[in-house]
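Chemist: quick one, fold the following:
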Amino acid sequence: MRRSELHAMKILDTFGAAYGLDIVKASGSAIRRGGVYVMLGRLEERGLVSSVQETNTPDHIGIPRRIYSLTDLGRKEIAREPLRSE
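Modeler: Numbers count the residues shown, from 1 in each chain. The predicted model follows:
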């Protein structure tokens, strides 16, 4: 597992749920804005995170965002593979 993937999963474990850009901000410089959604997509395909599309209100402008959260399988994975500093 990539270090950035594990870092994103630990952020989700801490916050419970977050938007992709919130994960980027919480990571400092460890996760880049340009790759966060590709990474989250890979984690979702592996069943480590899940996402739901936010509900739009009538006055909402723009594309609905996805809210990501850690799955039980993701929690087991971060417990098995703690974040190592490099």
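
Chemist: where along the chain do the strands fall?
Modeler: Ranges of strands in the chain, per DSSP state E, are 17-18, 49-53, 66-70.

Chemist: tell me which of these sits most buried.
Modeler: Greatest average neighbour count among the strands of the chain goes to strand 66-70 (a mean of 19), per mean count of other C-beta atoms under 10 Å. Heads up, the C-betas are built off the backbone N, CA and C, glycines and all.

Chemist: given that strand, what are its sheet partners and their directions?
Modeler: Strand pairing for strand 66-70, using DSSP bridges, gives strand 17-18 (antiparallel), strand 49-53 (antiparallel).

Chemist: can you show me the helices along the chain?
Modeler: 3-15, 20-26, 36-45, 72-80 (DSSP state H).

Chemist: still on that earlier bit, and the strands of the chain: which comes nearest Glu77?
Modeler: strand 66-70 (9.1 Å; C-beta to C-beta).

Chemist: so that closest one versus helix 3-15, what angle?
Modeler: Here strand 66-70 points in a direction 90 degrees away from that of helix 3-15 (axes from the mean of the first three to the mean of the last three C-alpha atoms, to 10 degrees).

Chemist: brilliant, that's me finished.
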